[in-house]
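A.B. asks: make a model of this:
(one chain, ligands or ions: 1)
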Amino acid sequence: MAIPAEDKNQVPVMLEDLDPEKVKNRLIKKYPPKVARKRAKQIVVNKVDSDGTVPQIGSNVRTVPGLISQRGCCYAGCKGVVLGPTRDIINITHGPVGCGFYSWLTRRNQTDPDTTPGGHNFMTYCFTTDMQEEEIIFGGEKKLKQAILEAYDNFHPKAIAVFSTCPVGLIGDDVHAVCREMKEKLGINIFGFSCEGYKGVSQSAGHHIANNGIFTHVVGTDDTVKAGDYKINLLGEYNIGGDAFEIERLFEACGITLVSTYSGNSSIDAFANSHTADLNLIMCHRSINYVAEMMEKKYGLPWTKVNFIGAAATAKSLRKIAAYFEDQKLIDRVEHVIAEELPVVEKACAEIRPRTQGKRAMLFVGGSRAHHYQELFAELGMKTLSAGYEFAHRDDYEGRRVLPDIKVDADSRNIQELQVEPDPIKFNPRKNEKEIRALTVKGVEFAGYRGMMPEMENGSLVIDDISQHETDKMIAMFKPDIFCAGIKEKYAVQKHGIPLKQLHSYDYGGPYAGFKGAINFYKEIDRMINSRIRDYLKAPWQKAPELAAKYGCD
Ligand code: CFM
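C.D. replies: Numbers count the residues shown, from 1 in each chain. As a prediction, the model looks like this:
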């Protein structure tokens, strides 16, 4: 079937009716040859072989200048994503005021305010050195020391972290030396991050830098062993829209002790003794796999991948935890919780599903949600036509099995890899090799992640770091029923008459994790795709066709 013209009257086309290679060519047709060649590597027609191998996808490479990308910067990944949600560290942005101000409270990472005596919650504050020309010329270290001192005098926090913005790297301020000096002077934990916005190719570099810093300066500094039989850490869950609250509720119901979450609803004390837990669970592989790997090497803590997005995935993840601890009491309690909660979710889904069945979604988000949210859409009987990450690496697409084949380029080499050795005293393998093997046979896979592509249908288009141009083309060709992305894309997409669900901030909704979250999501998607509001709206060029020529593209 020929690819139809992209116009307002176009009826939705099924991807399976088209040759996906032709669709791909349509996406890159307008680019200059060099750009088209580069983008062609990042747009892949999915094909899953019987052993789970998928085609190679270009990812974690520089965005072509001039293309409108969804990506953020290294500073955003470090300060905003990984360290930002922790309530009781004073996070000082060393840089011009805009970097601090625009990264303040925009991610909807929620927290318990901690109203106990001596408890801190700095989430509602924005701390920055507000660099001026004077510091750019004569250096900003003096002002940074002053800012640390002022923050300390006013709040007496347990810890202060300093985040470098672009100019800091350019003028050569040594934030680490300043932090060491002030740590000595004030006697609290103070540490810095060289997470200048320009480092790496996206916020992914910032995740890595944040992981290194938290591991070096915080993890393992408190050996207090908490009470509880089944102690876990939840890594890569940031409590957007209250997701972590719902997951915490489930852990509590199951009798599982959560030592720390990296870093939704978290406190620095929890990171400090997170090495005393017995299992690391990874939600978002992209942003935090480094901490899991380093904790395994240094402390002997195994990690396993979980997913609490989707009702079935939630039940599966809870069962996985129970299987790991090999205790019938826990297994029974988890089964009891699932038996109590899952039918309620299934009932809600069954009511909504007739209205969502067969509808089509596209997801272009971050480094993990474009995968996880496909679960919820599948539960609603919906199809994911196309999906992609902004900044993920090949292992997030193709699975960790490709790790040895990933070529480390100059941009990645720029980000420090910590050399981690087993701790001479604290290293304690929680399971021996035999136990690990036996559990693997039972389906508890360790240090593994299959990636997004093996779980997507053959023929679906996987697009890394999608551009605005490609987004417009995809929408014009396929008219999906819903498009998932973020605030930067939201209104451009909605001008096509397609509802956009923000999968970063959840718009104003959530939680979407766990059992209760799944119900919230079903209802939200039903409301969005079955709203008739768009049928009543006409753009000026739809009312007056002569305007189409004026505003139309190719
Ligand atoms: Fe992980 Fe995230 Fe994501 Fe991410 Fe993010 Fe986010 Fe995201 Mo926005 S840590 S990779 S850097 S799941 S902020 S909570 S929603 S892009 S898909």
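A.B. asks: state the distance from the closest residue in space to E326 that isn't next to it in sequence to I466.
C.D. replies: In space, and not counting its chain neighbours, E326 is closest to L439: 7.8 Å by Cβ to Cβ, 6 or more residues apart in numbering. (C-beta placed from N, C-alpha, C; glycine too.) According to Cβ to Cβ, to the nearest Å, L439 and I466 sit 38 Å apart.
A.B. asks: neighbour count: those two, which is higher?
C.D. replies: More neighbours surround I466 than the other of L439 and I466, with 29 against 19 (other Cβ atoms under 10 Å).
A.B. asks: and that one, how far is that from the ligand?
C.D. replies: In this view, I466 and the ligand are 13 Å apart by Cβ to the nearest ligand atom, to the nearest Å.
A.B. asks: show me the contacts for that residue.
C.D. replies: I466 makes contact with Q70, F364, G388, M474, according to Cβ atoms under 8 Å, 6 or more residues apart in numbering.
A.B. asks: one step back: what helix or strand is the residue nearest to E326 located in?
C.D. replies: If you go by DSSP states H and E, L439 is part of helix 433-441.
A.B. asks: now that helix: average pLDDT?
C.D. replies: The average pLDDT for helix 433-441 rounds to 96.
A.B. asks: one more: stretch 336-352?
C.D. replies: Stretch 336-352 comes out at a mean pLDDT of 98.
A.B. asks: buried ones in that stretch, by neighbour count?
C.D. replies: V337, I338, E341, L342, V345, E346, A348, C349, I352 (16 or more other Cβ atoms under 10 Å).
A.B. asks: excluding chain neighbours, give the residue nearest to the first one in space.
C.D. replies: Put plainly, it is V337. Computed as Cβ to Cβ, 6+ apart, the closest residue to V337 that is not its neighbour in sequence is A253, at 4.8 Å.
A.B. asks: what does the residue nearest to I529 when sequence neighbours are not counted show for phi and psi?
C.D. replies: What sits nearest to I529 in space, not counting adjacent residues and going by Cβ to Cβ, 6+ apart, is D481, at 4.7 Å. The phi and psi values for D481, taken as degrees, to the nearest 10, are phi -80, psi -30.
A.B. asks: for D481, what are its contacts?
C.D. replies: Shown in contact with D481 (Cβ under 8 Å, 6+ apart): K359, R360, A361, M382, I498, P499, I529.
A.B. asks: quick one: contacts for the second one?
C.D. replies: Just to be clear, that refers to R360. Neighbouring residues of R360 by Cβ under 8 Å, 6+ apart: P12, M382, K383, T384, L385, F478, P480, D481, I482.
A.B. asks: mind doing that once more with 6 Å?
C.D. replies: For R360, the contact set (Cβ atoms under 6 Å, 6 or more residues apart in numbering) comprises K383, L385, P480, D481.
A.B. asks: against A518, how distant is it?
C.D. replies: From R360 over to A518 the distance is 20 Å, taken as Cβ to Cβ.
A.B. asks: same question, K490
C.D. replies: K490 is 23 Å from A518, by Cβ to Cβ.
A.B. asks: ok, those two, which is more surrounded?
C.D. replies: Using other Cβ under 10 Å, the more surrounded residue of K490 and A518 is A518, with 31 against 17.
A.B. asks: what's the pLDDT at the closest residue in space to that one that isn't next to it in sequence?
C.D. replies: Of all residues not flanking A518 in the chain, A311 sits nearest, at 4.4 Å (Cβ to Cβ, 6+ apart). For A311, the pLDDT comes out at 98.
A.B. asks: now whichever residue of the stretch 51-200 of the chain sits closest to the ligand: how far from G264?
C.D. replies: Per Cβ to the nearest ligand atom, V81 is where the stretch 51-200 of the chain lies closest to the ligand, at 4.3 Å. Plainly put, V81 is 11 Å away from G264 if you go by Cβ to Cβ.
A.B. asks: between these two, which one's more packed in?
C.D. replies: Using other Cβ under 10 Å as the criterion, V81 and G264 rank with V81 on top: 27 against 24.
A.B. asks: ok, back up a step: for the ligand, see how far away the residue nearest to E326 is.
C.D. replies: Look at L439 and the ligand: by Cβ to the nearest ligand atom, they are 26 Å apart.
A.B. asks: could you do L258 as well?
C.D. replies: 18 Å.
A.B. asks: count the residues that sit near the residue nearest to that residue when sequence neighbours are not counted.
C.D. replies: For L258, ignoring the flanking residues on the chain, the nearest one in space by Cβ to Cβ, 6+ apart is F251 at 5.2 Å. Neighbour count of F251, defined by other Cβ under 10 Å: 20.
A.B. asks: could you give the mean pLDDT of whatever helix or strand F251 lives in?
C.D. replies: Assessed by DSSP H and E, F251 sits inside helix 243-254. Averaged across helix 243-254, pLDDT comes to 98.
A.B. asks: any part of it near the ligand?
C.D. replies: No - if you take Cβ under 6 Å from any ligand atom as the test, helix 243-254 misses the ligand, and the best it gets is 8.5 Å.
A.B. asks: continuing past that helix, what's the next helix or strand?
C.D. replies: Counting by DSSP H and E, the next helix or strand C-terminal to helix 243-254 is strand 257-263.
A.B. asks: list the buried residues for that next one?
C.D. replies: Under 16+ other Cβ under 10 Å, the buried positions of strand 257-263 are L258, V259, S260, T261, Y262, S263.
A.B. asks: pick the one among these closest to C99.
C.D. replies: S263 (19.7 Å; Cβ to Cβ).
A.B. asks: may I have the distance across stretch 294-313, first residue to last?
C.D. replies: With Cα to Cα, to the nearest Å as the measure, stretch 294-313 spans 26 Å from end to end.
A.B. asks: if we can go back for a sec, can you give me the neighbour number for the residue nearest to V337?
C.D. replies: As a burial measure, A253 scores 16 neighbours (other Cβ under 10 Å).
A.B. asks: can you list the residues of this structure near the ligand?
C.D. replies: Counting by Cβ under 6 Å from any ligand atom, the residues of the chain close to the ligand are 77, 81, 107, 203, 236, 238, 240, 284, 286-287, 365-369, 504.
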